[in-house]
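Participant: take a look and give me a structure for this.
(chains A and B)
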Number of protein chains: 2
Amino acid sequence: MISGTTTLIAHLGYPTSAFKAPLVYNPWFEKRGIDAVVVPMGVRAGDYPDFFRALFSLTNVRGALVTMPHKVTTIGLVDGMSPTARVAGAANAVVRRPDGTLHADQFDGTGFVRGLLRKGFDPRGLRALVVGNGGVGSPIAASLAEAGVGGLGLYDPDTAVSAALAGRLAEHFPDIEVATGSADPDGYDLVVNASPLGMADDDPLPVDVTRLAPTTFVGEVVMRQEFTPFLRAAMNRGCRVQVGKDMLYEQIPAYLEFFGFGSATPDELRAVSLAEDDA
Amino acid sequence: MISGTTTLIAHLGYPTSAFKAPLVYNPWFEKRGIDAVVVPMGVRAGDYPDFFRALFSLTNVRGALVTMPHKVTTIGLVDGMSPTARVAGAANAVVRRPDGTLHADQFDGTGFVRGLLRKGFDPRGLRALVVGNGGVGSPIAASLAEAGVGGLGLYDPDTAVSAALAGRLAEHFPDIEVATGSADPDGYDLVVNASPLGMADDDPLPVDVTRLAPTTFVGEVVMRQEFTPFLRAAMNRGCRVQVGKDMLYEQIPAYLEFFGFGSATPDELRAVSLAEDDA
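Facilitator: The predicted structure is shown next:
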């Protein structure tokens, strides 16, 4: 129950109508007896920098969850950020540290990697192909780099997008071998669809699945259905897979730790979530 | 339950720890199935004007409850205000109208007058003495004027405070006879303690109760205990009385109507309130 002692986590984006975070975090806070609440705040792009600064003048705000269209703008408004946020070129979380400075991070990719690890797939030293190098693929590539991947293949229909991501990776993770320009999954230990392909019924598959080895682990970000056509094709070839929603539930514990609220397992969060029906 | 469609009412003040409004409004919203939430936001005085402007750039904020230390500042930040707020020189509520303009009002005095009316005491045409003409007494005097009182006696140990309030009353309610400088209750139909006297154990009574007629109605704003020494003395003389907390619960329906959430009775609000133990 919200009271005068409650700590606020602002959920910043626009439009707000599809926000799911309050429906997951708030029941969990209540269950754990944590006096905090996630509050959706609809901010248009033009209003964001001023609102962001004013928000952190509040005495009872600990941090913010940041979603579209503000993830890129946010990195220009904070005092510091993680390497993952730098490589992603975007942030989806901001915390106010005890000294008052604002620190940003990016947990989309963290959620993806945590899901892999939970399934017993450690990407350290392995080769990963990330298809789609924009707002979702960039943080996944950054988190894979952070997790110690040996080589990264980047593919995006917009080659400039791939090149820019490759440049940021080279700057922060110079030891990782990065290749761009091909979506051929042959020779990769991990293949990730971080493109929107699979959102529409008649989308082509993001890679040529006949070139997928059964030993390759396949990850998906599309959440339209649990098993997308791409995942089903990969499973038919014998591949292990990770569904889109795993990334979502795996990243929430990373946020909770970042904000200083302890941690939770994805299963605990799913159990209390009110967003499951339509997430 | 808060979701992406929830309308926000900001509760602005500092410090926030003693805020009671969330504990009354939010259970009532939940009981009525109203998708809205009161969110405490701690704002220091120096940060207030910038935060206030930024707040109303949010797409899902309908209004604000304003408390100390921002009630006076607020009237300089809005597009329009009620006569009550003008006379009080302070606002405790702001609503964003459909055209985007911000309108302020002051409901402390409204709550006091609604309580009188509910008890069958209509101040129209009568004479009222208001002791204490500052942040609480000013809105009570303004609301009594709005309710059609015939004459007002104003008393404050700081005579400049009484004079300023008398000036604002004369400007907006020129037909009301206003006298200042005396706390003698003789001849008044209504006597209100709007001073802090009664907060401490050894406070003197705000007026000479031996001069109170049994037909005089006596109101109190101090909420430290239900029946303050002043109220007990008045009751011993046969006076009807109104306790401090009545003003609190009577003003909430006025806020709800102002924000467009329908209305409620004080009894309904007390029944759902989680603030009753220590309000």
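
Participant: got the end-to-end distance for stretch A:224-233?
Facilitator: Looking at stretch A:224-233, the gap from its leading to its trailing residue is 16 Å under the measure C-alpha to C-alpha, to the nearest Å.

Participant: next: stretch A:61-74.
Facilitator: Between the opening and closing residues of stretch A:61-74 we find a distance of 16 Å, counting by C-alpha to C-alpha.

Participant: name the surrounding residues that touch that stretch.
Facilitator: Residues from elsewhere that reach stretch A:61-74 (C-beta atoms under 8 Å, 6 or more residues apart in numbering or on different chains): A:7-14, A:19, A:21, A:36, A:38, A:43, A:45, A:48-49, A:52, A:55, A:89-96, A:104, A:106, A:135, A:255, A:258-260, B:41. C-beta here means a position set from N, CA and C on the backbone, and glycine is covered the same way.

Participant: if you set the cut-off to 7 Å instead, what comes out?
Facilitator: Outside stretch A:61-74, the residues within contact range by C-beta atoms under 7 Å, 6 or more residues apart in numbering or on different chains are A:7-14, A:21, A:38, A:43, A:45, A:48-49, A:55, A:89-96, A:104, A:135, A:255, A:259.

Participant: does the residue lying closest to A:V95 once chain neighbours are set aside count as helix, strand or coil?
Facilitator: By the measure of C-beta to C-beta, 6 or more residues apart in numbering or on different chains, the closest residue to A:V95 outside its immediate chain neighbours is A:G63, 4.0 Å from it. Three-state secondary structure (criterion: DSSP: H, G, I helix; E, B strand; the rest coil) places A:G63 in strand.

Participant: any idea how far A:A104 is from A:G63?
Facilitator: A:G63 is 10 Å from A:A104, where distance means C-beta to C-beta, to the nearest Å.

Participant: what sits in contact with each of the two?
Facilitator: A:A93, A:V94.

Participant: quick test: name the residue nearest the centre of chain A.
Facilitator: Relative to the mean C-alpha position of chain A, the nearest C-alpha, by C-alpha atoms, centre = their mean, is the one of A:D108, at 0.8 Å.

Participant: so what's it up against?
Facilitator: By C-beta under 7 Å, 6+ apart, the neighbours of A:D108 are A:N92, A:V136, A:P139, A:I140, A:M247, A:Q251.

Participant: so which strand or helix has the last one?
Facilitator: Which is A:Q251. helix A:244-259 (DSSP states H and E).

Participant: avg pLDDT for that helix?
Facilitator: When pLDDT is averaged along helix A:244-259, the result is 92.

Participant: chain center to that helix: distance?
Facilitator: Using C-alpha atoms, centre = their mean, to the nearest Å, the distance from the centre of helix A:244-259 to the centre of the chain it belongs to is 8 Å.

Participant: just stretch A:240-254 next, same as before
Facilitator: When C-alpha coordinates are averaged (C-alpha atoms, centre = their mean), stretch A:240-254 and its chain have centres 9 Å apart.

Participant: ok, and what's touching it?
Facilitator: If you take C-beta under 7 Å, 6+ apart as the criterion, stretch A:240-254 is touched by A:24, A:107-108, A:110-112, A:114-116, A:118-119, A:121, A:217-223, A:226-227, A:231, A:234-235, A:263-266, A:269-270, A:279.

Participant: how about stretch A:214-232?
Facilitator: By C-beta under 7 Å, 6+ apart, the surrounding residues in contact with stretch A:214-232 are A:112, A:121, A:136, A:185, A:188-194, A:198-199, A:205-206, A:212, A:234, A:237-245, A:247-248.

Participant: first-to-last residue distance for stretch A:144-153?
Facilitator: Distances were taken as C-alpha to C-alpha; on that basis the terminal residues of stretch A:144-153 are 11 Å apart.

Participant: list the buried ones in that stretch?
Facilitator: Residues A:L144, A:A145, A:E146, A:A147, A:V149, A:G151, A:L152, A:G153 are the ones in stretch A:144-153 that count as buried (16 or more other C-beta atoms under 10 Å in any protein chain shown).

Participant: for that stretch, give the mean pLDDT please.
Facilitator: 97.

Participant: same check on stretch A:192-207?
Facilitator: Along stretch A:192-207, the predicted local confidence has a mean pLDDT of 94.

Participant: again with stretch A:120-133
Facilitator: When pLDDT is averaged along stretch A:120-133, the result is 98.

Participant: restricting to C-alpha, output that stretch in PDB.
Facilitator: Taking C-alpha atoms only, stretch A:120-133 is exported to PDB below (Å, rounded to 0.1, in the frame of the first residue of the first chain):
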ATOM      1  CA  GLY A 120      23.000 -24.400 -18.900                       C
ATOM      2  CA  PHE A 121      24.300 -22.600 -22.000                       C
ATOM      3  CA  ASP A 122      27.400 -20.500 -21.200                       C
ATOM      4  CA  PRO A 123      28.400 -18.400 -24.200                       C
ATOM      5  CA  ARG A 124      31.900 -17.700 -22.900                       C
ATOM      6  CA  GLY A 125      34.400 -18.300 -25.700                       C
ATOM      7  CA  LEU A 126      31.700 -19.300 -28.100                       C
ATOM      8  CA  ARG A 127      30.600 -17.800 -31.400                       C
ATOM      9  CA  ALA A 128      27.200 -16.000 -31.600                       C
ATOM     10  CA  LEU A 129      25.200 -14.600 -34.500                       C
ATOM     11  CA  VAL A 130      22.900 -11.700 -33.800                       C
ATOM     12  CA  VAL A 131      20.400 -11.000 -36.500                       C
ATOM     13  CA  GLY A 132      18.900  -7.500 -36.200                       C
ATOM     14  CA  ASN A 133      21.400  -5.000 -34.700                       C
END
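
Participant: backbone dihedrals for A:R96, please?
Facilitator: Backbone dihedrals for A:R96, given as degrees, to the nearest 10, come out at phi -90, psi 120.

Participant: shaky segments in chain A?
Facilitator: Along chain A, segments meeting pLDDT under 70 span A:276-279.

Participant: just the helices in it please.
Facilitator: A:21-32, A:48-55, A:71-74, A:83-88, A:108-118, A:137-146, A:159-172, A:229-236, A:244-259, A:266-272 (DSSP state H).

Participant: how far does stretch A:68-82 stretch from start to finish?
Facilitator: Terminal-residue distance, stretch A:68-82 (C-alpha to C-alpha): 19 Å.

Participant: next one: stretch A:148-158
Facilitator: 26 Å.

Participant: contact partners of that stretch?
Facilitator: For stretch A:148-158, contacts defined as C-beta under 7 Å, 6+ apart pick out A:123-134, A:141, A:144-145, A:162, A:165-166, A:169, A:176-183, A:188.

Participant: and the buried ones among those residues, selectable in ChimeraX?
Facilitator: In ChimeraX, the members of the contacts of stretch A:148-158 classed as buried (16+ other C-beta under 10 Å) are selected with the following command:
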select /A:123,126,127,128,129,130,131,132,133,134,141,144,145,162,165,166,169,176,178,180,183,188
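
Participant: what about chain B: which of the contacts of stretch A:148-158 touch it?
Facilitator: Restricting those to those within reach of chain B (C-beta under 7 Å from any C-beta of the partner chain) leaves nothing.

Participant: okay, and which of the contacts of stretch A:148-158 map to strands?
Facilitator: A:R127, A:A128, A:L129, A:V130, A:V131, A:E177, A:V178, A:A179, A:T180 (DSSP state E).

Participant: so for the second one, what's the nearest residue that isn't a sequence neighbour?
Facilitator: Here the nearest residue to A:A128 in space, its sequence neighbours aside, is A:L190; by C-beta to C-beta, 6+ apart that works out to 4.0 Å.

Participant: which residues sit in contact with that neighbour?
Facilitator: Neighbour list for A:L190: A:P123, A:L126, A:A128, A:T216, A:F217, A:G219 [criterion: C-beta under 7 Å, 6+ apart].

Participant: is the third one in a bridge, and if so with what?
Facilitator: Beta-bridge pairing of A:A128 under DSSP bridges involves A:L152, A:L190.

Participant: coming back round to it: now the buried members of the contacts of stretch A:214-232.
Facilitator: The buried subset of the contacts of stretch A:214-232 - by 16+ other C-beta under 10 Å - is A:112, A:121, A:136, A:185, A:188-194, A:198, A:205-206, A:212, A:234, A:239-245, A:247-248.
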